[in-house]
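> Just to be clear, the model below is a prediction. Sequence and coordinates:
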Amino acid sequence: MMRVTKFTYFKEIRFMFRKTKVFLFVTLLALVVAACGGAPTAVGEEKATEVVTSSGVSTEAPSEEPMSVSGDLVIYTGRSEPLIQPVIDAFKAQYPNVNVLLKAGSNSELANALIEEKSNPQADVFITTELFTIQSLAQEEVFEPYVPKGADQIPPEFLGADNMWTGLTRRVRVIMYNRDLVSEDELPASLFDLTDPKWRGQIAAAGSTNGSMQAQIAAMRQLIGEEATQEWLYSLIANEVTFFGGHTDVRKAVGAGEFKLGLVNHYYFYLQQAEGSNVGIIFPDQGEGQIGLITNATSAAIVKGGKNLPAAQAFLDFLISVEGQKLFAEQNYEYPLLPGVPLREGVQPLDGFRLADVDVVKASLDFDATFDLMERVGLP
Amino acid sequence: MTTLEVRNLIKKFHGSERSAVNDISFELSEDEILALVGPSGCGKTTTLRLIAGLERPDSGLIRLNDRVVASDSVFVPPERRGVGMVFQDHALFPHLTVFENVAFGLRGKKPDEIRTTVGEMLHLVGLLPLSKRYPHALSGGERQRVALARALAPRPILLLMDEPFSSLDADLRTEVREHVRGILKSMRATVVFVTHDQDEALFMGDRLAVLNRGELEQIGTPEEIFHESNTRFVAEFMGDSDFLRGRVVAGGIQTEIGLLNQIVDLPVSTPVEIALRADDIDFEVDGSGNSLIVGRFFRGAFNLYRLRLNSGQILHAFTDHTKILPVGTRVQARVSAEHPLTVFSEYHTV
Amino acid sequence: MSISPRLAVAAGLVALFVAIPLVYIFIRAMGAEPEAWQRLLQTRLWKLLSNTLLLVVAVTSGALLTGVSMAWLTERTDLPGKKIFRWMLAMPLAVPAYIGGIVHLALLRPRGGVIPQFLESVFGQPVPTPSPLGFWGAAFILTLFMYPYVYLLSGAAFRTLHASLEEAARVFGRTPMQTLFHVTLPALRPGLTAGALLVALDILAEYGTVALLRYETFSSAIFVQLSGRYDRSAASVLSGILVALAIVILWGELRLQGQARFTQMESAWRPAPLVTLDRWRVPAFLLVLGVVSASLLVPFTVLLIWSIEAFLDPQAMTVLFRTGSQGFGSYVWNSLWSTSAAAVIAVALSLPVALLAVRYPSRFSRFISRLCQVGYAIPGVVIALSLVLLVNRFLPFLYATPFVVVIAYVLRHMPQAVRASESALNQLSPSLEEASRTLGRTSLQTLIQVTLPLILPGLLAGGSLVFLTSLKELPATLLLRPAGFDTLAVRVWVWAGEGFYLQAAPAALLLVLASALPLSFLLRREQIFK
């Protein structure tokens, strides 16, 4: 029997404040550093050594002096607003003359907008939570090539062809569970165990509008084929899985004991755990012959024809700088792509896990078929 | 001098079978009051609105002081015709005071001049003390007078009045119309006055124009209209006439209630109708008489009896107020008029 | 007076402006590849259709039942405290249904909500509680926030209905209850039908609440399509069908519109005698209190508590006051100026249409007026879809500016402005304008000096209604807003969607209060549906 306080959501809110404190602390720290004049110099030095044009694409080096980068910077972000906000705050601390305008939405909603706006570009930077959307858009020639400073250190599989986009952080699809409700010995070991009738009505997941879920299905189509994926989705629906709009709802519902299991990105487990919930994490499909962990990466690109190229370039530089990567790792428990940036304490390193191998270009070319599939099975 | 000339005016409304105004022509001299009278739907208000420029005629001509304001090729909008109008509902601007209402038509004049003119007009209608009030704080009669003052203030070439007294109580109406006629005459205004009330038309008009179904039936002085009705309609509408059927004989007209000694220029045995008003008939009690009393209406100074002839025809007759007979009394009725009566043959006056 | 060509042209242009997005959607729907139609027909269409219609039927019946019974209790019985109830029962119109849904979801969510957890801690085991999710939840929440339409219309009808009508029924031997069902309610029918159709149109257009409560209807499916695939044809097809459905309802509504007007109180009018509730007094009081609590008091109190907590905590305030580089003040300002602009533009555009329809009634003017009312039948998502495509293609300089959002508000809420203007003009005797003409004013001078000052209160009412409904508009704002342009409604939606209730609460509270002001003005004028 679970023992929870009467007003769980107030507790959640208290946690939120704790989290805000961390945000604030980091922001303040950044401000202090910036004020001491240490950071800009450091960045400048890095610039001198790290601007590398690996493919002969002419890359305009951003302005040396952060104060001279100014104006509106329009960011379309598929990452939810609270997750990107601390990064923007830290960026603004370095570039105080830049006015960031944010439009948050789902990856595909923003992708639609970008395609719609090709002849009339509005955004400067696009950020998504997975690679397929950004790769599809790159093929639609929506982006301006750019090699951010430090890109040479990012693993090449997380850089777009022709420098169209840059990976930021890695995340893993996992199953989280409520430890009050599920005992260790009955845990599912595979995504395919979620179709087991013993979990009927006990599983929460994100629905067809969620970028990470879309990407997972796209990956599965490549890994196990269209038919098996369709079968799996049908089975989930038949097993009365509840599909939410986003993963925040999923993790909270699992944390509150509304559901026993939740299909999420790994950091949602850590976020929920940090709120004090008694939850556990399963890295599925590690057995011989199983598909392995499905991973994906957040990514960013500069929109072709954007009105503020210097700021856009400075922002991308910042995202894969040590400071930016640290923010992602610390704030959101993600796996930074820049080597040497430490994981947040307690986050399980990916070394030693069996990872699924998915071809990004192929998946992005097939992305439309993924939508057809979700529609066909009637995924909510 | 002719102030208003209306010639062959025709107006047909969309979706209507017949013309609202069908080929109407008349003229109006300076200082004259013309009463347009007729039952509702006869086209009198439409005629007025055509003169005002609130409607556009299908054809015909309207001339004001020798200036053509409406014809096949010309249409002067109302604001440039220089006519004044008093509306049935007075149409006082509720957001303006009495003073501002009257001053509304004086735009472009000097403030002094406006003040003087409005003061004069309000004095004329006896409302000077109320000039700061808003219309909702006025009585019906007062509103009526403000509307008149407002219409007269710009000294219009022609004043148009659309049933101006119809919204007043009956007892107030007689008083107001005397007052209004006095004002109009003192201002030497030229007026077209629309009403459906014969009494009002007879009282207000220097001349009357009787309209029926969009057509002008007769135009003339009140006396001409009343006594020399051109058409059966005019006689019926203006005089409350009954129509007694008869047949032309050698010595006059033979009717159900006896021979009428009036020679008419018609062949013998032509069927005719004689217009009879209640004061043209007299009767005496007679057990074998030609009529039966079927109703009595006490009218104060006299009694009005309704008689049914043996043929079923109804006639009305006045008697003095002392002669009271019960319904059902058989009487002998006769024509008592000592003046020539109007005789119609197939709706044409003889 | 003879028709002015300038006026006809102006009204025609307004109608054209209103009709273009509608026509465009139909063209897109018809032009969609057969494949898109086929895919939809085979899969979602029938499910969506039945889902949507079921919800429409359920909420409309719920709203009728609640609205009429609340109106009867507060107008015709000796219910204690009915004066204050009369006001409180109308106020839920100021609470957007999705905000009500957010609060109820936080309270009632199965296992996770405040109430289920409280019960569990008391009884030591989970106690089944009604869920606000799914069909029944959506029907319940929407009923709570839609019944005021019916309540206001039937309340006004109860007030103005001749007492003699009911007295006659009593004299002819009917009991009070029989009188209610055989005489009073049938007499209210035109108003009730009109109220029900308004509710039905609103349900068709509803996005926020159904999305929140996870019940899929046409509107939410279109939204998903719009934010999902990279092609617009499926969304266009669904939009075309939805608009066709709504036009059928709107057609019925327009037929009844004339009859829905408040009857004029005649001089012989006197209030009907009150029904004595006797032993039903307490249950009736509790019933009304329950409705008022669920639709007004509870949402308001919860928002207030959350807001106070947010304000007491400086860290929550930091998040509250900054998104991107935008602060709380900018959301408030954006909401206010965009909705005010929409109100002014809608009222201004409604003028030529109303003047034409009222002063020069003809087949043409009626057609123009009807055309301007189709906004009721075009849900926000459809307007957004249409505008995205149209503006980007033909007016690229307007694209991704807040003006597109304003245009969406104007298109969507134009009918309210047209109706208010027409009603105001109907009450103004044309002879006033004619008098002005005979006193030397041109038609334009007459409009400015006589007509406008006199219909100003009516125009204000229309503007308030547009303001009120635009303020809470969600789907079109979400889809059309440029980056950095957030309104209160958007912030509430985004924050609550992330589970940040404390941050959402002050914005939601402000939204409710900002809606309550024009609503009170409308209620005082009894102008809300005239």
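Sure thing, it's come through.

> can you pull out the helices in chain A?
A:8-36, A:38-50, A:81-94, A:107-116, A:131-139, A:211-224, A:226-238, A:247-255, A:266-274, A:309-319, A:322-332, A:360-365, A:367-377 (DSSP state H).

> Looking at the ones you listed, which is nearest to residue C:292?
Residue C:292 sits nearest to helix A:8-36 of all these, at 24.7 Å, using CB to CB. C-beta: built from backbone N, CA, C; applies to glycine.

> That closest one - what's its average pLDDT?
What helix A:8-36 shows for mean pLDDT is 41.

> got the helices of chain A as CSV, with distance to residue B:18 and mean neighbour count columns?
Formatted as CSV, the helices of chain A follow (distance: least, CB to CB, whole Å; neighbours: other CB atoms under 10 Å in any protein chain shown):
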stretch, distance to residue B:18, mean neighbour count
helix A:8-36, 77, 17
helix A:38-50, 91, 14
helix A:81-94, 72, 23
helix A:107-116, 60, 23
helix A:131-139, 72, 24
helix A:211-224, 72, 24
helix A:226-238, 72, 16
helix A:247-255, 73, 26
helix A:266-274, 81, 23
helix A:309-319, 77, 24
helix A:322-332, 84, 22
helix A:360-365, 76, 19
helix A:367-377, 65, 19
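
> Which one of the ones you listed has the poorest average confidence?
helix A:38-50 (a mean of 34).

> pretty sure residue B:317 contacts residue B:335?
No: counting by CB atoms under 8 Å, residue B:317 does not reach residue B:335; the two are 10.2 Å apart.

> joint contacts of the two?
Counting by CB atoms under 8 Å, 6 or more residues apart in numbering or on different chains, the common neighbours of residue B:317 and residue B:335 are B:281, B:282.

> between the two, who's got more neighbours?
Neighbour count, other CB atoms under 10 Å in any protein chain shown: between residue B:317 and residue B:335, residue B:317 has more, with 25 against 21.

> What secondary structure category should be reported for that one?
Put simply, residue B:317 is strand when judged by DSSP: H, G, I helix; E, B strand; the rest coil.

> so how far is the top helix by length along chain B off the chain centroid?
Ranked by number of residues, the top helix in chain B under DSSP H is helix B:170-186. From the chain centre to the centre of helix B:170-186 is a distance of 15 Å (CA atoms, centre = their mean, to the nearest Å).

> Can you pull the domain assignment for the chain?
Just so you know, I chose chain A. Domain assignment for chain A by automatic domain parsing gives A:11-170+A:297-336, A:171-295+A:351-377.

> I was after chain C.
Taken from automatic domain parsing, chain C resolves into C:1-28+C:328-487, C:32-298.

> any idea which of those domains is most buried?
Most buried of the domains of chain C, by mean neighbour count (mean count of other CB atoms under 10 Å in any protein chain shown): domain C:1-28+C:328-487, with a mean of 21.

> What mean pLDDT does that one get?
The pLDDT scores in domain C:1-28+C:328-487 average 88.

> Run the chain-centre distance for it.
Domain C:1-28+C:328-487 sits 16 Å away from the centroid of its parent chain (CA atoms, centre = their mean).

> returning to what we had before: go through the domains of chain A and name the closest to residue B:263.
domain A:11-170+A:297-336 (98.7 Å).

> Take the domains of chain C and write them to a markdown table, including distance to residue B:295.
Converted to a markdown table, the domains of chain C look like this (distance: least, CB to CB, whole Å):
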| stretch | distance to residue B:295 |
| --- | --- |
| domain C:1-28+C:328-487 | 41 |
| domain C:32-298 | 31 |
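
> Ok, which of these comes nearest residue A:114?
Evaluated over the domains of chain C, closeness to residue A:114 peaks at domain C:32-298, with 10.0 Å, by CB to CB.
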